[in-house]
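> Fold the following.
(2 chains)
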Amino acid sequence: MLNNLSFVEQKVHQLQELVQMIVGRRAQVSGNQDELVQQQQQLITADLTSIIVQLISAAGSLLPSMKHNLSAATPSGLQLNRALFPSVTNAGIGMMTQNNEGPVQQAVGDVTKPVEQSNHMDVMANCATEMNCNMEEDHELKDDDDGKEEEHLPPGSYEILQLEKEEILAPHTHFCTICGKGFKRDANLRMHMRGHGDEYKTPAALAKPNKESSSEKVLLKRYSCPFVGCKRNKEHKKFQPLKTILCVKNHYKRTHCDKSYTCSRCHTKKFSVIADLKTHEKHCGRDKWLCSCGTTFSRKDKLFGHIALFQGHTPAIPSEEHKGTSGVSNPVEDSNATTNTDVNMGFSFGSNDVIGNSSQNIIDLKGNVDDPFFSLLNYEYTLGGLQDFPQTSFDDSPSSFSFLISEEKDGLMSGSNEVD
Amino acid sequence: MAKSIKHQNHSYLELLNEEILFLILDHLSINDHLALKSFSLTCKSFHSIESHHRRFVKLLRPEFIPCILRRYPFLSHLDLSLCPRVTDFQLQTASFLGSSLLSLKLTSCKFVTGLGVSDLVSKCPNLVELDLSNATELSDSAAAAIAGAKNLERLLMVRCKRVSDMGIGCIAVGCQNLKRISLKWCLRVTDLGVGLLALKCKDLHSLDLSYVPITEKSLEPILQLPYLEDLVLVGCLGIDDDGLASLNKGRTLLKTLDLSNCQNISHTGLANLTRGAGCLKEIILAYGSTVTLDVARCLQKFSMLQCLKLDGCQVTCSSLKMIGNWSGSLKELSLSKCRGVTDEGIASVVKKHTQLRKLDITCCRKITSVSIDCITSSCTALTSLKMEACSHISKGAFVLIGQRCRVLEELDVTDNDVDDEGLKSISRCSRISCLKLGICLDITDEGLIQIGLHCSKLKEIDLYRAIRISDGGIASIAEGCPALELINIAYCDQVTDASLISLSKCSRLKALEARGCSSFTSEGVAAIAAGCGQLSFLDIKKCFNIDNSGMIPLARYSLNLKQINLSYCSVTDTGLLALASRSPLQNITMLHLAGLSPNGLAAALLACRGLKKVKLHESFKAQLPQSLLDHMESRGCVFHWRDKAFQPQVDTDPSQWNLQTGSRQP
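Modelled structure (predicted):
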């Protein structure tokens, strides 16, 4: 919201500068040739119109539920108007931005007013489908845009709609027509509206907008991703449309946006859809099924399906240390693991293991081998060695390493004595 | 044999090249592994020839691995199954054998981890066979290490209870040349691991999944294995008819299918499972659901079927008749402990399958002499007939066996009414090598003498509680059967030292079970020890008269003695210590040894270095120092504490024996 507003503000400033330039030019006109002035003026008008178009689309994205065909139609209509009356534009746009910020709807110019109203109408009409999407949201979060259940509609049998990027990323889809506050859900908006007066408290106003009334003229609606080159974009050769607006949103965020939500448990997994993060956090830190290629799976059967599919991939056995600290494991260790896996190193704590285990062997050997006579001392030493083993090998601080190495040397010597 | 070579002139031997010497050594090692030892002790050159010849070694203690490696550089088969405490480090020394090591047995190793295995696998790339059975502590990381053995073809992992799908998955991906794998009792392995195994190891010929909790899901990839011949699914209770109904399978080369203990599979499941398997030769349905007419009908279509085992099943008469109508010809049929087997059923089966070689009708209590008449008249080519505890068969039937089945090699008539006439007739089966006559109360020396006279190939004879046998019969057996390896004369009360002295002529005798022969003395034991150098198993429980003077010759001569039961003998500390200090005993049972003191026992335990298992009376547990017990355990010895009451008398009265079940295990 703020982003969009600041964008609008910036454009308004640019507009002001341009208008000032025009005014300045008019003052200088006397000295210059008419053609040149005309060319420059054309240039400026072109600039002007382009800025206005951007402005309007940005303003439009503040009302993202607006349907594309309408929003596409309105700017062009507006553009015409503005081109005809360039001097009015400044005031008009200013008012429009205000319209989005505060309750000055009455002040909106004659040209923009009907457009705004139609937008709001559209918002209301859209609510029904929107609610519908929300109902399905929980079940289909993951799958709906992955093309798992591909439908095979013949190309002409549906209407393709394409929302703009800004529309998709807008956090709210329902706006109060009085105060402009945004809501994610239509029902929340209706609850909010009650505060604006008694007329919004009638059962009719509070009722869920009826779906059937607007869906008389049903042509199936399918959506296209605004990202050119994407398979979900209508220009793509093997275009596969998205079913609902929610699908569009999730698809766009997952595929074309940064993954800005980081898991607070493992600090490595990142997501662009907050619901995905929540799903992940539910399972994060549980048993992880790991492949030698570094891919992790929450379910064992998924891992085995993966291994069955790819040649040379093997299940990666987490090293023994991890078994002790399963559950929510040490974040530092985990990040270690993932840096390994990210560069396709395979999953191993090799060095650590080697030293720990060999020391065990040697201690064990010392106890076991050289007992020509039964010696209690020797025997106790064996047990001691075995009991000490787990702590020392799990601790990977440098000091414990050096201890282990010295142990190893001792062990080797005694071993070789025995051999000879 | 070794001695004869010893006396040859060395210059002749030097003319022989290594190949010929190796051939000689091959012959030497067939019957007597001590022969190689004496060969190598002859002189330096013999020693070096022997150490270059040897490919196989079985170690008693893992500490010797380095010395063994130095002495035998060309070892290819290493058996560490008697070293359950072998460690990673010792395994690493073994891996210096490098690429010559082909086969390794690490049965019941408890301390080997992934590290040792990975080291071994990386240094011995030609490892083809690995036996890790009973390595119950083996973890997934060790299994992952096994996956490094790219050339592995045979892998046994029976009772590797800690290995899960992850480990098996690693093996499946790593060892793609696997031809045989056994995952019996690997209880943490499920469909996922097995499915992956079947998917990745396309060369699998033999697969043992007994008691693995799998379902039909993993059967689908298994049945698509192109070369699978042998599939064992004993006790796979997760597989049932409903699951098999949806099974989608291709044609398989399956030859052997074992569905023992699968109670949830009836004829419909069996039909689904075997639909594509046209060349099945052997089907085992033991201890499963009732064998009905439908099952028999379902099996009918396997024209190549040769072996059918239905042990312990409820069998209907109609199904046996159906089996009798099959077009194919069975060679082996096992109906042991089947309920519902009647004379009628047996008759219809044997009339069709006249080519039967092996028939097992143990504990088919309903059948009578009529069946034996049918069997012996139709199946004259029988080589093995097991009919323990068929109590309704009359004496005359055994005469028929001897008359008609002349090529019998194995006969089990334990707990039957066979008498001397029968034995006399049976003695005509001159090829017989295994004869079990336990609890045949009617047989006497007369019959046994006939056996001794005619059955020169006899290797194994069981006379458990054949109480009318005496020295004469045993002497005849000892005289006439030089190949005798095993004899059981437990509770034959009339047998005396004279029998043992005559048995001492059987130089190949490996096992002697003489429980409760109260007339035996040390003199007899001494004779056995002196004569039977191969003796490895000796049970003289309740031979009250055997004392220390019997132990000393045992210690001196029985260099192969591995297992001994001394309970109730008159052996004291001295005898036990003498025995323990010399012989390579692995397994001792000594309950109620009156003359044994805790100190003597401790000394004996310490002296006997190869000890693996000791059975003692519970009272000793408190008397022995805990540190000693711990030390023994660290050497790889397991203690079994028993709290049996003292039974001073040998029960010779048959009415006291409590043998109603008829399924006595000798």
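> Give the rounded mean pLDDT of stretch B:302-316.
For stretch B:302-316, mean pLDDT is 92.
> Need the distance between the two termini of that stretch.
By Cα to Cα, to the nearest Å, the extent of stretch B:302-316 from end to end equals 20 Å.
> Would you mind listing the buried residues in that stretch?
The neighbour-count criterion (16 or more other Cβ atoms under 10 Å in any protein chain shown) identifies B:F302, B:L305, B:Q306, B:C307, B:L308, B:K309, B:L310, B:D311, B:G312, B:C313, B:V315, B:T316 as the buried residues of stretch B:302-316. (Glycine included, C-beta is placed from N, CA and C.)
> Which element is encountered next along the chain beyond the host helix or strand of B:V399?
Assigned by DSSP states H and E, B:V399 belongs to helix B:395-404. Sequence order places strand B:410-412 as the next helix or strand after helix B:395-404, per DSSP H and E.
> how far does the helix or strand following that next one sit from the chain's center?
Sequence-wise, the next helix or strand downstream of strand B:410-412 (DSSP H and E) is helix B:420-426. The chain centre lies 29 Å from the centre of helix B:420-426; the measure is Cα atoms, centre = their mean, to the nearest Å.
> Can you name every helix or strand that helix B:420-426 contacts?
helix B:395-404, helix B:445-454 (3 or more Cβ pairs under 8 Å, 6 or more residues apart in numbering or on different chains; DSSP states H and E).
> outside of that helix, which residues touch it?
B:395, B:397-403, B:408, B:411, B:413, B:418, B:432, B:435, B:437, B:442-444, B:446-448, B:450-451 (Cβ atoms under 8 Å, 6 or more residues apart in numbering or on different chains).
> quick revisit: buried stuff in the helix holding B:V399?
Neighbour-count burial for helix B:395-404 flags B:A397, B:F398, B:V399, B:L400, B:I401, B:G402, B:R404 (criterion: 16+ other Cβ under 10 Å).
> Of those residues, just say which sits nearest to chain A.
When the buried residues of helix B:395-404 are compared for distance to chain A (Cβ to the nearest Cβ), B:I401 comes out closest, at 55.7 Å.
> Could you pull up the contacting residues of B:A511?
By Cβ under 8 Å, 6+ apart, the neighbours of B:A511 are B:E485, B:L486, B:I487, B:L535, B:S536, B:F537, B:L538.
> Report the mean confidence score over stretch B:198-215.
94.
> same thing with stretch A:268-281?
Rounded mean pLDDT across stretch A:268-281 is 86.
> Ends of that stretch, what's the gap?
11 Å.
> so which residue of the stretch 151-300 of chain A comes closest to chain B?
Residue nearest to chain B within the stretch 151-300 of chain A: A:K300 (6.0 Å; Cβ to the nearest Cβ).
> In strands only, show me the contacts of B:A511.
Applying DSSP state E to the contacts of B:A511, the entries found in strands are B:L486, B:I487, B:F537, B:L538.
> what's the neighbour count on whichever residue of chain B sits closest to chain A?
Per Cβ to the nearest Cβ, B:F89 is where chain B lies closest to chain A, at 3.5 Å. Neighbours of B:F89 under the rule other Cβ atoms under 10 Å in any protein chain shown: 28.
> Quick one, grab the pLDDT at it.
B:F89 is assigned a predicted lDDT (pLDDT) of 90.
> on that earlier part again, mind putting the buried residues of stretch B:302-316 in a markdown table, secondary structure and distance to B:T190 included?
Below are those laid out as a markdown table (DSSP: H, G, I helix; E, B strand; the rest coil; distance: Cβ to Cβ, whole Å):
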| residue | secondary structure | distance to B:T190 |
| --- | --- | --- |
| B:F302 | coil | 30 |
| B:L305 | coil | 32 |
| B:Q306 | coil | 33 |
| B:C307 | strand | 31 |
| B:L308 | strand | 31 |
| B:K309 | strand | 28 |
| B:L310 | coil | 30 |
| B:D311 | coil | 28 |
| B:G312 | coil | 28 |
| B:C313 | coil | 28 |
| B:V315 | strand | 34 |
| B:T316 | coil | 36 |
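> Return the member of these nearest to B:E523.
Distances from B:E523 to the buried residues of stretch B:302-316, taken as Cβ to Cβ, are shortest for B:D311 (44.1 Å).
> All the helices of the stretch 101-250 of chain A, in order from the start?
Residue ranges of the helices in the stretch 101-250 of chain A, as given by DSSP state H, counting those that start in this stretch, are A:112-140, A:165-169, A:186-193, A:203-206, A:211-214, A:245-256.
> How far away from the center of its chain is the lengthiest helix in chain B?
Longest helix in chain B by number of residues (criterion: DSSP state H): helix B:18-31. Put simply, helix B:18-31 sits 27 Å off its chain's centre (Cα atoms, centre = their mean).
> What is that helix packed up against?
When contacts are defined as 3+ Cβ pairs under 8 Å, 6+ apart, helix B:18-31 sits against helix B:33-40, helix B:44-53.
> Can you point out the buried residues in the shortest one?
By neighbour count with 16+ other Cβ under 10 Å, helix B:33-40 contains the buried residues B:A35, B:L36, B:S38, B:F39, B:S40.
> Extract the C-alpha set from it and format it as CSV.
Extracted C-alpha coordinates of helix B:33-40, given in CSV (Å, rounded to 0.1, in the frame of the first residue of the first chain):
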residue,chain,number,x,y,z
HIS,B,33,41.8,-80.4,8.6
LEU,B,34,44.4,-81.4,11.1
ALA,B,35,46.2,-83.1,8.2
LEU,B,36,47.2,-79.7,6.8
LYS,B,37,48.5,-78.7,10.2
SER,B,38,50.8,-81.7,10.5
PHE,B,39,51.8,-81.2,6.8
SER,B,40,52.9,-77.6,7.5
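> I'd like the distance from that helix to the chain centre, please.
On the basis of Cα atoms, centre = their mean, helix B:33-40 sits 26 Å off its chain's mean C-alpha point.
> With the last one instead?
A distance of 33 Å separates the C-alpha centroid of helix B:44-53 from that of its chain, computed with Cα atoms, centre = their mean.
> about what we covered before: considering the helices and strands packed on helix B:18-31, which stretch scores lowest in mean pLDDT?
helix B:33-40 (a mean of 80).
> Enumerate every residue touching B:C313.
B:L285, B:A286, B:Y287, B:G288, B:S289, B:T290, B:V291, B:C338, B:R339.
> Can you report phi and psi for it?
Dihedral pair for B:C313: phi -90, psi 160, per degrees, to the nearest 10.
> what about the residue nearest to it when sequence neighbours are not counted, how many neighbours?
Nearest residue to B:C313, sequence neighbours excluded (Cβ to Cβ, 6 or more residues apart in numbering or on different chains): B:V291, at 4.9 Å. Counted with other Cβ under 10 Å, residues neighbouring B:V291 total 25.
> same question, the one 3 residues further on
When neighbours are defined as other Cβ under 10 Å, B:D294 has 17 of them.
> No more questions from me, cheers.
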